[in-house]
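[1] sequence and predicted structure are below.
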Amino acid sequence: MSCTSVTRAADERAAADPTGSDGRTYRRIVMAAAILIVLVPALVLLQTATRQGLGSGLHDGFTTTQLLTFLLVALVAAAVKGLSGFGYALIATPLAVVLIDPAAAVVVLAVPALMMNLFQVGETGTGWRYLRRHWSLVLAALIGSAMGVFVLNHVKKTPVLSLLVAGLLVGYVIWSLVRRSRPATRTAHPAALGAVGVVEGFLLGSVNMGPLLPAYLHSFERDARRYIGGMSLVFALVFAERIIQMLANGLMTPYRLWLGSVIALVTLVGLVAGTVVRRWGRVDGSRFNAVVLLLLAATAVTILVRALPHVL
């Protein structure tokens, strides 16, 4: 084994599981920061939300049963994300648009998405080493996200894009099953990382849809902690950029920020539960791989169900 390979392996082990005192401190600080970025707005903006009306962002006539159902689904969705690194939007969004005004749902759900991904960045210990190795993916995702938010504000949505994403996901799942989930290490090329980053950022910014990154990272990464940590790092940075943009252009109002923060605090319970199951529940590599492929397939089906009626 060459010196380069040894160094790279050491970097990967350190990035995946920083067990030194500095690593533990870093994880705690990042996880605490993830909680504070939603706890502080939830408390500070409570008076503003009360003046506007705590239910003003919800559909008229919603019942306590509907609200409790949404909270339960949000907890389950967050647990799935804690287990697999993604899947929250797949489960929570369909019910969110029933209770929250659809025009506001994408904006509001960006807040819990930021919190959960930042929490998982800390939980997995992902940081500078991963960013240094995969900088093209992160930079491209931020550029693509800025483009996507612009499109969200100025261009009419089309279901064709959703159908294309669903088709790519179906193709990947089939390809992975045919290969018996063997990793394709050549796909981790910086140029490929950059291309996927732009597309992923654009989809997140324009239609709040990000299943391509989980599929792409799964093509070469089989370590659960590196897989979840890398994906969460990209998602956290993109959602932070999106929220800043939405604050600047007025899409993220104080009430929407408060509502998103409250939802995030609720989902934190499910996120921690899913994380505990993954880390201490004996979820081995084959089971984790099966969960990822199942979620990708479910995402493709969900996208098709939503998009096809607008095309046919």
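    Nice, I can see it. Residues are numbered from 1 along each chain as shown.
[2] please compute how far the host helix or strand of Val40 lies from its chain's middle.
    Assigning secondary structure by DSSP states H and E places Val40 in helix 21-44. Distance of helix 21-44 from the chain centroid (C-alpha atoms, centre = their mean, to the nearest Å) equals 18 Å.
[3] what is that helix packed up against?
    When contacts are defined as 3 or more C-beta pairs under 8 Å, 6 or more residues apart in numbering; DSSP states H and E, helix 21-44 sits against helix 110-124, helix 254-280. Yep, even glycine has a C-beta here, placed from its N, CA and C like the rest.
[4] determine which stretch of those helices is the most buried.
    helix 110-124 (a mean of 27; mean count of other C-beta atoms under 10 Å).
[5] quick one: mean pLDDT over the helix or strand following it.
    From helix 110-124 onward toward the C-terminus, using DSSP H and E, the following helix or strand is helix 128-133. Mean pLDDT, computed over helix 128-133, is 86.
[6] and stretch 244-262, by the same measure?
    When the per-residue pLDDT values of stretch 244-262 are averaged, the result is 89.
[7] for the nearest residue in space to Ile263 that is not next to it in sequence, what are its contacts?
    The shortest distance from Ile263 to any residue that is not its chain neighbour, by C-beta to C-beta, 6 or more residues apart in numbering, is 5.1 Å, and that residue is Pro112. Taking C-beta atoms under 8 Å, 6 or more residues apart in numbering as the definition of contact, the neighbours of Pro112 are Val38, Ala74, Ala78, Tyr88, Gly260, Ile263, Ala264, Thr267.
[8] what does Val138 give?
    Leu131, Gly197, Leu233, Val234, Leu237.
[9] most neighbours, which of those residues?
    Using other C-beta atoms under 10 Å as the neighbour definition, the contacts of Val138 reach their maximum at Val234, which records 31 neighbours.
[10] in a helix, that's where it is, yeah?
    Yes. If the criterion is DSSP: H, G, I helix; E, B strand; the rest coil, then Val234 is within a helix.
[11] so where's the stretch 201-312 of the chain shaky on pLDDT?
    When residues are selected by pLDDT under 70, those of the stretch 201-312 of the chain lie in 205-209, 282, 311-312.
[12] repeat for the stretch 51-200 of the chain
    Screening the stretch 51-200 of the chain residue by residue with the criterion pLDDT under 70, one finds the ranges 55, 57-62, 102-103, 149, 152-158, 160-161, 185.
[13] now stretch 299-310: buried residues?
    Neighbour counts using 16 or more other C-beta atoms under 10 Å place Thr299, Ala300, Thr302, Ile303, Leu304, Ala307 of stretch 299-310 among the buried residues.
[14] ah, wrong one, I meant stretch 241-249
    Residues of stretch 241-249 classed as buried under the neighbour-count rule (16+ other C-beta under 10 Å) are Glu241, Arg242, Ile243, Gln245, Met246.
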